[in-house]
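Q: predicted structure and sequence below. I'll ask about it afterward.
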Amino acid sequence: MLELEAVSKRYGSTIALHTTDLSIVQGWTTVLIGPSGCGKSTLLRLMIGLIQPDTGIIRFEGASLTTTSILAQRREMGYVIQEGGLFPHFTARGNIVLMAEHLGWDKARIHRRLEALVTLTRFPSEALDRYPIQLSGGQRQRVALMRALMLDPSLLLLDEPLGALDPLNRYELQAELKEVFRSLGKTVVMVTHDMGEAAHFGDHIVLLQEGRIVQQGSIRDLVENPGAPFVERFIRAQRSPLEAYGRPHSE
Ligand SMILES: Nc1ncnc2c1ncn2[C@@H]1O[C@H](COP(=O)(O)OP(=O)(O)OP(=O)(O)O)[C@@H](O)[C@H]1O
């Protein structure tokens, strides 16, 4: 569905992404994970054409992303940026329907789509006329997701979509979102720095370090056959509250 071939990106003297090949498989959720600054967001921004690679080629459904084709191709991609990125001066409804209105959808079609999304994401419809600041963090994330899904894109790109949530809300939304992806059969690329979240969502996990892919595969591959000491260290660097209680994780 999405192919990166020998793609690299630098900002001045900083190499954000070394020469990288990556395939995003249709219908799978691929998780990009790694420490802060390892190039996850850069990779996602390259995929949606917000930034251009210095070298290499990116193909979406067989056609390369170019500055002339990107606007049409982007309509097939839904994007949620870190912290949701909602427009503060538009209501929840205004944020969600913006692109559909811009493309000239008629009112009935917009209404039908909005109803379907509200049901899908379990968003309280009475909150649609509130501004982002009047919504909880979890509701804002649902609005950002509805906006990304509005045009029914074939690919969803999510940059830490649950990063700003408290643990309980995050836990609940993780379960709901996974069900949404499963029921829609979407191809998803998600950035996180949380290994538990990566394991929850990822059919395929891509672990990055300093602008390079260190290892990719299922969570089982990464746990059972770590390809480098960093992989093992990264997987183990998750603290369970039970640890301080003197119990092993598995109890
Ligand atoms: N617009 C920019 N100008 C200069 N340097 C940048 C820019 N965007 C990213 N970088 C640098 O490129 C590297 C990769 O950044 P990127 O945002 O892709 O990392 P990340 O893995 O998404 O980090 P985080 O988890 O903290 O969001 C970092 O060293 C960052 O400082």
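A: Arrived safely.

Q: and the residue in the stretch 151-251 of the chain that the ligand sits nearest to, how many residues sit next to it?
A: Closest residue of the stretch 151-251 of the chain to the ligand, C-beta to the nearest ligand atom: His193 (5.4 Å). The C-beta positions use only the backbone N, C-alpha and C, and glycine is treated the same way. By other C-beta atoms under 10 Å, 16 other residues sit near His193.

Q: try Glu101
A: Using other C-beta under 10 Å, the number of residues around Glu101 comes to 12.

Q: nearest spatial neighbour of it, skipping sequence neighbours?
A: In space, and not counting its chain neighbours, Glu101 is closest to Ile110: 6.9 Å by C-beta to C-beta, 6 or more residues apart in numbering.

Q: read off the pLDDT value for that neighbour.
A: According to the prediction, Ile110 has pLDDT 97.

Q: now for it: which residues touch it?
A: Applying C-beta atoms under 8 Å, 6 or more residues apart in numbering to Ile110 gives the contacts Val97, Ala100, Glu101.

Q: if we can go back for a sec, quick check, the residue of the stretch 151-251 of the chain closest to the ligand in contact with Gly34.
A: Yes: using C-beta atoms under 8 Å, His193 makes contact with Gly34 at a distance of 7.1 Å.

Q: did I read that right, the residue nearest to Glu101 in a strand?
A: No: checked against DSSP: H, G, I helix; E, B strand; the rest coil, Ile110 lies outside a strand; its state is helix.

Q: ok, now how distant is it from Pro53?
A: From Ile110 over to Pro53 the distance is 35 Å, taken as C-beta to C-beta, to the nearest Å.

Q: again with Glu232
A: Distance, Glu232 to Pro53, using C-beta to C-beta: 31 Å.

Q: now Thr66
A: Separation of Thr66 from Pro53 (C-beta to C-beta): 11 Å.

Q: ditto for Gly163
A: Applying C-beta to C-beta, the value for Gly163 to Pro53 is 25 Å.

Q: those two: which is more packed in?
A: Each of Gly163 and Pro53 has its neighbours counted (other C-beta under 10 Å); Pro53 has more, 21 against 17.

Q: so the more buried one, which of the three states?
A: When classified by three-state DSSP, Pro53 comes out as coil.

Q: returning to that earlier point: which of the contacts of Ile110 fall in strands?
A: Nothing among the contacts of Ile110 maps onto strands, per DSSP state E.

Q: spit out the contact partners of the residue of the stretch 151-251 of the chain closest to the ligand.
A: Contact analysis of His193 by C-beta under 8 Å, 6+ apart lists Ile33, Gly34, Pro35, Ser36, Lys40, Glu160.

Q: got the phi/psi numbers for it?
A: phi -120, psi 10 (degrees, to the nearest 10).

Q: alright, that wraps it up for me.
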